[in-house]
Structure formats: C-alpha cells, structure tokens
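Student: Any chance you can model this:
(2 chains)
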There are 2 protein chains.
Amino acid sequence: MLIKSLLAINNTINSLEDIKNWIEYRNRCVQVCVDRTSFLSLANWCIDENGSLRHISGHFFSIEGIKVRTDYGAVSCWTQPIINQPEIGFLGILTKEFDGVLYFLMQAKIEPGNINCVQISPTLQATKSNYRQVHHGKQPRYLEYFVNALPEQILLDQLQSEQGSRFLRKRNRNIIIKIKDDIEINDDFRWMTLGQIKELMRYNNLVNMDTRTVLSGLNISNYISPVDDMTKMSPLGAGLILSTVTNHCYRSMEEHLSWLSTLKSKYDLLVDKFSIKDMEDWQILSDEIVRKDEQYFKVIGVKVTISSREVTSWCQPLIQPMQQGLCAFIIKKIYGVYHFLVQAKLECGNFDVMELAPSVQCLTGNIYLTDGMKPPFVDYVLNIPSERIVYDALQSEEGGRFFKEQNRNMIIEADDAFPIELPECYTWMTLGQMYKFLVFNNYLNIQSRSLISALKYSEWV
Amino acid sequence: MLIKSLLAINNTINSLEDIKNWIEYRNRCVQVCVDRTSFLSLANWCIDENGSLRHISGHFFSIEGIKVRTDYGAVSCWTQPIINQPEIGFLGILTKEFDGVLYFLMQAKIEPGNINCVQISPTLQATKSNYRQVHHGKQPRYLEYFVNALPEQILLDQLQSEQGSRFLRKRNRNIIIKIKDDIEINDDFRWMTLGQIKELMRYNNLVNMDTRTVLSGLNISNYISPVDDMTKMSPLGAGLILSTVTNHCYRSMEEHLSWLSTLKSKYDLLVDKFSIKDMEDWQILSDEIVRKDEQYFKVIGVKVTISSREVTSWCQPLIQPMQQGLCAFIIKKIYGVYHFLVQAKLECGNFDVMELAPSVQCLTGNIYLTDGMKPPFVDYVLNIPSERIVYDALQSEEGGRFFKEQNRNMIIEADDAFPIELPECYTWMTLGQMYKFLVFNNYLNIQSRSLISALKYSEWV
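Tutor: Predicted coordinates for the structure are as follows:
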C-alpha cells in the first residue's frame, strides 16, 4: 500500500492540480505581515544579561551565545548565537488507507519565515510547549492520535536532529501513524499520496522541511510486495530500489561504524555557553544581532500578523541567513549498485560530534573561502551537465525559526571518471546502509534526510 | 576461532592457574600507597573559583559542578559534582590466533582505586591526553597497533558510554584488533582466551571494567561456524546463543525504537554548569567534597605512590562511593527464547537522555528509599533462590577514577510466575536485539555491558 502510494499521482482523492490550486488559494486568502521590530518592542521576549533572547514564560526557544573549540576544519575557535530549545517536539503525519492506497494527511501551514507563506506541512507540528499549552492556545489538531497511538499503528517513530550549525542539540520526534477510524478533515488539511508529495518537492519551497525529514525515514524497500507494479519505476528508480536491498556494498556497516568511531575520536568538539555581549565578532544592535563582517547569519526580531478570517499577531526572533547554501548528493554506480557519496561533518550544535551529511553542504557565495580552499566537489556539482541531474530544487528551512532561508538541493549522478577513492571524511554508502543508520538517532543530518526524501524511485515527467 | 577461544580454558598458552598466580605475584611485587591529601597539597591540581578541581595542564579530567533538572524520577532538581573529560580515549584489546584459537593480550594493571591493586585490563587504556603525551610520559605500549590498524584487522570498534551518574557525557572508543605479526610481550602482559577471561569474571574484582565493556561488544553469534563443538555449551548457554539469533522476539526492533523515542521525548533532562561553591547540599572541605548528609559519593584528593622496581608517585582526585550498588539482569523464557528485562534509565551525565540499563540498577542500603519507594524488582532479585542465579560477583568500577567502588553484578532466571507485563520504562529484549543496539553508540549503558560480558554460554564448574 505504500508502494501504491508512491506510484499514485493520478486517480487519487485530490489531483495534483487540486493540491496546487488549494495551496495557491490558501496563499491568496491570507495576508502575512512580518515587520522588523526592535528587541525592546518584541512583546513577551527579553534580552538577558548575557545578551540571550528569551521568552518571558521561560518556554519555547531562546537565542543564546556559545563558544566553540574544535580541531576539525580551518577555524579552531569561534563564538556565535545559536537556537536553544532543549525539548523534543512532535513532527507527525497521520496516514490512512483508501482503496489499498496509503494517503498522508498534510497541512497547509503558514510560518512567518516561509518564502511561500503557505507550505505543505505534517499533520502535526508541535513543540512540547505547544502541546502542554504554555501559551494558553488551543491544543494542536490531531494531537490526540499521536499521543495515544498504539504500537501497531506506528509506521515510523524516530528522534531526528535539526540543523547542527543553528540549533544546539535539537531533536524532534518524527512519527508516522496509520489509523483506521474516519476522521474529520479540517479545511487546512488534505489527503495526499506519497507520490504526490514527492512530485511537489520538485517545485521550489512548496513542501516544508518538517515534511521532508519525516518522510525521509520511510524505507521503501520494507514495503515492496509481489503485487506492486514495479514496471512503473524508471531504470534510475529500480537502481535506487536495488541500492536499498543489496548486499553488494563498497564498505560494510562494520567498516562505516569503525570509520565514524575513528573520526569522532579524532576530532574534538567543545561547546560552552558564552555571553553574546562579550563576543568580539558579533554586535547586538537595537533590532538585530549581527556579525561585524555581516557574514553567515543574523538574528532579527519580527512582529508577525496573519490576517484571514481572524487576525493573529505575535512577536518572535528569527534567524536570517546572509546567503543561500548548496546541499548535494553525488551518486555513482559501484559494483553495478548506486552508492551515495556521504560526508562525516562536524557542526557545532551536533548531538554527537559528527553526522552523515550530503557530499556537498556549504554556503554559496564567497564565504566558504575563509581558509582559501573550497570544500571538495563543489565545482563538480555546480558544473555538472544537466543530463546528469537527478534532482534540483530550492528547498526551505523551517519557517518558524528561519527567515526566508532556502538551500539548493541537488542529486547528481557522477560520470565514470569520478574517483572512487575519497578524502578522509568521505565514504560511499548504499541507500540500504543509509536507512540502517537512519533508524538509529543522530546519524544522518537533516540536509541528508531532506535529499533522501526527494527520491522518487520513478519518473513521470 | 572466537568460539574456540570461548570454549578453551585448558590446554592454552597460559593455564587459568598460571594467570591467577601471575596476578597474585604481581600484587605481591608491588606496593601501592593511596594517601588522603588535602586539595591544597594536591600537586598539579587546583580548585578554581567555582570549586572545580582541574589539572594545571588543562588536560586529563576535571571535577565540575552541575545542576540537573528532570521530570523523570522522584527528585526533580539537584546539584552534584561530576567528572568532565570531554575527549574520547582508547580501550583497546589486541588479539592474535594461535593454533586456530583467538587469544587476547591482557595487561596486569594497577590503578589507585582498585580493590585488588592489580586487575586484568585491556592491552591499551589511554586517554587522548595520554597518547598525545601531555604529561611527557612514555607512549603507552602497543598504541601504534591501534592507531595504525587497517580496516581488515578490526574485530570491533565502537564508542561506548561510561557511568551516566558520574561522568558528563563521557565515551571511550572500545576497539578489538587482530594482528598476524609476532610481537614482543612485555612482562605486564599475558595471552588469554575469551573463555579464560570470562572464567576470571566469576571472581570478585579481578577483571576490570574496561575489559568488561570492550568484550561485551563481541556478538558471539557472528562467529559460530559448523566446525565449532557446540556440545560443550550448557543448556543455558545454548539457550543464550538461540537468544542472539532468533526472530521470535517479544517486541520487534521497531517497537523498541518507538518505545525509546516515546520515553526520550516524554522525559526532559536539563544539565547546566553550577558552581560547587554555591551548592547547598554539598560542602568543600580541606580534603573532600561531600554532601552534608554524607550520601551517594564524595570527591577525595589522594597521593598515589607505586613502588616496584622503581617508584612512581602522583596526585589526583578520586570519587569514593558511600555504599555498594546492585546491577542485575532478570532473564526469562518467552516463546521458548531467553529475554532480558531491560530498563530505559535516565542518568544526569547520559549522552542521550536515557540508556538501556539492567533490570535493577541501584544503590544498596537505604538511600534508594528517598521517595519511599524501592525500585521495581530489587526484592525479587535479592531473595532469588540460589539455583536461579546464573551469575553473581562483585565487580569494580574503573580504578583510575573511582576509589574502591564495587557493585554486585547478578544475572538471575525468573520463575514461571514472574509477570511478562512490565512498568512503563521496562521491556523484554532478546540478546540479539541488545547486540543490535550495542553496535550503535549510546544505547546500552556500561552496567548492562558489564553484565553481558559475563555471559559464558557454557558451564564448567
């Protein structure tokens, strides 16, 4: 039923056109104003003696300063603000079978930082503060299905990381449940197939990051059954399916684990709290916390006003990036099996020192040149002939925390001349191996998961 | 060759008697003086403005204060000193095959906190400070074999946690390598079979914690071959082997992972640095940091003098427990397969909120009664008839940090009446499932691993 959902684009409850029109309509019906506001006027938020931005309830998230020391990379010590939200939220998708096809209940959700105001989001997106009703708001819709889910209803239930350069050890519970009851569908929600959601990921900034990370955990190969019509898969799709099930791997799981143990032991990551007010490279202005050289990102205060049938308004800080980034997987057939070029990457907010990142994960523009070196493979990815591009779209980071942040997401197939031998922090993994890591927490980073979620296993275009 | 090593107790390079005599002889040849010393006289250590004990080099470890907040357990907020050593050390065992049997190169090592001065230790026990020669000492013996190990030499290579109530997110690299070269065997080292080491674990405080955690990662079922003589296994041993390979599990891996995601999401763990000088329950005396009610543990300063052929002397802090503890696994046949009663336990220094702990892990004495409740199953374990005891020995914590700390390690087989339904934080796992978790970091805690290492799979006594 999952494979059928992957393959069903047409003859579905809602057509792809319906869904696109619905999002467009929701966008027309709503007006979202995001106005820059000085920190002093940021209602319910305050700056403490360390320059940290905190909600007066003590809940939600805060922006705090950290000092990072590491022997990984070109810069051995720096200070930066980071989002601290030491609680595990829900990112949940509710599914149900109709006529043998699994449908996902998706939400048209507005976030202040979204480039398209409305993006396709999980059924439930709730922080612990949210669902404990710290802000005296309504209980999030459908929460009770997730809180009361029985073991047999759970298709997926994992703790997964957020962006390691922006969040301090943040994780969310990624959960997919399957229900049999009839449920009331609120206006903000629509049933979609997996194939439709993946098709919508081909558009820029339409499917939000939370949806992408939750769906990335669905290991398609667990659901293949003899009745599924695999002829609808493209040669590439069939090759990717093979990559999830094969034992013909360039390196064994034991070798990957040993490689990771070596790297995590070799590179130190020391993160200590550090007052933003004492940072030499950063300054706290009336309405932003920004580096003196204006690089990387800044923290801004905004007042958000959403007007549809009723008007809602609140203030919050957001992280605004200074430029776009690039996240790309290079794939290549080794022993006739697709392997993904995976990078062990240290980021300051990582829960476990290093996570498995895409082949290329960097800012675009000139900032990544601080040590006079470009990261490996950047030029190769950016100059790839178009016929080798498997996937290419701009995708947003979470609009509840990031202001119009988008990264170019690419999957490209390397040519035969691309070397199999790789630098120290890089290796080749099959999709099956990546899924094995994905099941356990804090191995694949969110950028990797975003790209994995875009794999269609078939081509209709 | 590993199974042969498990079964080989006699007709080996060194007999069991040889090994015991060798340890006894080493104990006679050496004199270890551990004298309580005031912190002011603790050479090369100082107390900083927060009451933290630090080595003047800035390396090794420090004793720092933390404030813990959690909604798990009876106490929601407390302060305590904890060992901070934010680097990953080596715990390495070198192995080699002789006549088709795998031998482990074990060291007779003295640690100041050891109850028996000399305990059987891994080939290599080195902190990063050690092997970077911060103390200008000699390079640890055999280090180069581990640093230069090739992928095909590695039998096991995992990052594993230390005691979560005493260490702040500490991990070590547990590694076993197999070499073919002839190597020089220093007087402090002997070749032993796996069976011999496990036999020695039946004695109190003879095999050190580092050896036990490294050996716990060896999943015996990966090494079974048709030539192995399984008839040497006892019915219990054969049952345990079955438990490593079976698919007849009370709960699936997916269910266990979902159960862990639920618990890790439900319970918060917030750990912040907190000055020991500001702790209300603790006091810094001239020669110890101790709770006013003298419970749990205290930090002491010691001067260590080891006299054998030459005299070595140094000062360091140690953690001294106020009483013994109990670590016990309850096992029970479910669907005809041995299952282990596993507990998801939150400890303040845990890397990932909760780790999988033994069925019972608590202090003995009256301290665990603070909330008026005993932990589940304690009385059941302590009152078990002797014929249901699979394993029972006193085992030491690491003598480089802990002063004469020992815990009673037990494995017991429950009777038929023992309930299968368990409280929220408890579940049943097969040995195979525990090994699956063990491969990935920070799932099984060190107390669980210590018990797993004691499984003999056979009985000779």
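Student: Next, count neighbours for residue A:436.
Tutor: Neighbourhood size, residue A:436 [other CB atoms under 10 Å in any protein chain shown]: 18. Glycine gets a C-beta too; all of them are placed from N, C-alpha and C.
Student: and it, what are its phi and psi?
Tutor: phi -60, psi -40 (degrees, to the nearest 10).
Student: how about stretch A:314-330 as PDB, C-alpha atoms only?
Tutor: C-alpha atoms of stretch A:314-330 as PDB (Å, rounded to 0.1, in the frame of the first residue of the first chain):
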ATOM      1  CA  TRP A 314       2.800  37.800  17.900                       C
ATOM      2  CA  CYS A 315       6.500  38.700  18.200                       C
ATOM      3  CA  GLN A 316       9.500  36.400  17.900                       C
ATOM      4  CA  PRO A 317      13.100  36.300  16.900                       C
ATOM      5  CA  LEU A 318      14.100  34.700  13.600                       C
ATOM      6  CA  ILE A 319      17.400  33.600  12.100                       C
ATOM      7  CA  GLN A 320      18.100  35.300   8.700                       C
ATOM      8  CA  PRO A 321      20.800  33.800   6.600                       C
ATOM      9  CA  MET A 322      23.200  36.100   4.600                       C
ATOM     10  CA  GLN A 323      23.200  33.900   1.600                       C
ATOM     11  CA  GLN A 324      21.900  30.600   0.100                       C
ATOM     12  CA  GLY A 325      23.500  27.300   0.500                       C
ATOM     13  CA  LEU A 326      24.000  24.100  -1.500                       C
ATOM     14  CA  CYS A 327      23.200  20.600  -0.400                       C
ATOM     15  CA  ALA A 328      24.100  17.900  -2.900                       C
ATOM     16  CA  PHE A 329      24.400  14.200  -3.100                       C
ATOM     17  CA  ILE A 330      26.700  12.700  -5.700                       C
END
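Student: Around chain B, pick out the residues from chain A.
Tutor: Neighbours of chain B within chain A, by CB under 8 Å from any CB of the partner chain: A:86-88, A:90, A:128, A:151, A:154, A:157-159, A:173, A:175, A:251, A:253-255, A:257-258, A:261-262, A:264-265, A:268, A:270, A:273, A:351-352, A:439-443.
Student: Among those residues, name the ones in strands.
Tutor: A:90, A:154, A:157, A:158, A:159, A:173, A:175, A:270, A:273 (DSSP state E).
Student: Closest one of the residues you listed to residue A:382?
Tutor: residue A:158 (32.3 Å; CB to CB).
Student: Output the ones in strands among the residues of chain A next to chain B as a markdown table; include the columns pLDDT and neighbour count.
Tutor: Listed next are those as a markdown table, based on pLDDT from 0 to 100; neighbours: other CB atoms under 10 Å in any protein chain shown:
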| residue | pLDDT | neighbour count |
| --- | --- | --- |
| A:90 | 94 | 23 |
| A:154 | 97 | 20 |
| A:157 | 96 | 24 |
| A:158 | 96 | 26 |
| A:159 | 95 | 22 |
| A:173 | 96 | 23 |
| A:175 | 97 | 27 |
| A:270 | 94 | 14 |
| A:273 | 94 | 15 |
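Student: Closest one of those to chain B?
Tutor: residue A:157 (3.7 Å; CB to the nearest CB).
Student: which residues pair with that closest one across the strands?
Tutor: Residues in a beta bridge with residue A:157, per DSSP bridges, are residue A:175.
Student: what residues are up against it?
Tutor: Neighbour list for residue A:157: A:173, A:174, A:175, A:176, B:254, B:257, B:258, B:261, B:262 [criterion: CB atoms under 8 Å, 6 or more residues apart in numbering or on different chains].
Student: As CSV, the ones in strands among the residues of chain A next to chain B with distance to residue A:331 would be great.
Tutor: Converted to CSV, these look like this (distance: CB to CB, whole Å):
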residue, distance to residue A:331
A:90, 32
A:154, 30
A:157, 28
A:158, 23
A:159, 27
A:173, 29
A:175, 29
A:270, 35
A:273, 40
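Student: CSV for the contacts of residue A:157, including distance to residue A:375?
Tutor: As requested, the contacts of residue A:157 are exported to CSV (distance: CB to CB, whole Å):
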residue, distance to residue A:375
A:173, 32
A:174, 28
A:175, 34
A:176, 34
B:254, 36
B:257, 33
B:258, 37
B:261, 33
B:262, 38
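Student: then the strand or helix carrying residue A:300 to PDB, C-alphas only?
Tutor: Residue A:300 is located in strand A:297-307, with elements delineated by DSSP states H and E. What follows is strand A:297-307, C-alpha atoms only, in PDB (Å, rounded to 0.1, in the frame of the first residue of the first chain):
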ATOM      1  CA  PHE A 297      23.500  34.800   9.500                       C
ATOM      2  CA  LYS A 298      21.900  37.400  11.800                       C
ATOM      3  CA  VAL A 299      19.200  37.300  14.500                       C
ATOM      4  CA  ILE A 300      16.300  39.600  13.800                       C
ATOM      5  CA  GLY A 301      13.200  40.500  15.800                       C
ATOM      6  CA  VAL A 302       9.900  40.400  14.000                       C
ATOM      7  CA  LYS A 303       6.200  41.200  14.600                       C
ATOM      8  CA  VAL A 304       4.100  38.700  12.700                       C
ATOM      9  CA  THR A 305       0.500  39.500  11.800                       C
ATOM     10  CA  ILE A 306      -1.600  36.900  10.000                       C
ATOM     11  CA  SER A 307      -5.000  38.000   8.600                       C
END
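Student: Partner strands of that strand and their direction?
Tutor: Strand A:297-307 has these strand partners (DSSP bridges): strand A:31-36 (antiparallel), strand A:288-291 (antiparallel), strand A:311-321 (antiparallel).
Student: among those, which is the most enclosed?
Tutor: Most buried of the strands paired with strand A:297-307, by mean neighbour count (mean count of other CB atoms under 10 Å in any protein chain shown): strand A:288-291, with a mean of 20.
Student: Can you give me the first-to-last residue distance of stretch A:103-123?
Tutor: 12 Å (CA to CA, to the nearest Å).
Student: Of all the residues in it, which ones are buried?
Tutor: A:103-114, A:116-123 (16 or more other CB atoms under 10 Å in any protein chain shown).
Student: Which ones among those residues lie within strands?
Tutor: Applying DSSP E to the buried residues of stretch A:103-123, the entries found in strands are A:103, A:104, A:105, A:106, A:107, A:108, A:109, A:110, A:118, A:119, A:120, A:121.
Student: quick one: low-confidence ranges for the stretch 101-250 of chain A?
Tutor: Low-confidence segments of the stretch 101-250 of chain A, defined by pLDDT under 70, are located at A:133-137.
Student: which stretches of the stretch 351-461 of chain A form strands?
Tutor: A:354-357, A:360-363, A:389-396, A:406-413, A:426-430 (DSSP state E, counting those that start in this stretch).
Student: before we move on, the earlier item: between the ones in strands among the residues of chain A next to chain B, which is closest to residue B:318?
Tutor: Within these, proximity to residue B:318 (CB to CB) peaks at residue A:270, which comes in at 24.4 Å.
Student: which helices and strands does the helix or strand hosting residue A:177 pack with?
Tutor: Assigned by DSSP H and E, residue A:177 falls within strand A:171-178. Using 3 or more CB pairs under 8 Å, 6 or more residues apart in numbering or on different chains; DSSP states H and E, the elements in contact with strand A:171-178 are strand A:89-98, helix A:143-147, strand A:154-161, helix A:209-216, helix B:253-266.
Student: Fine, thanks again, bye for now.
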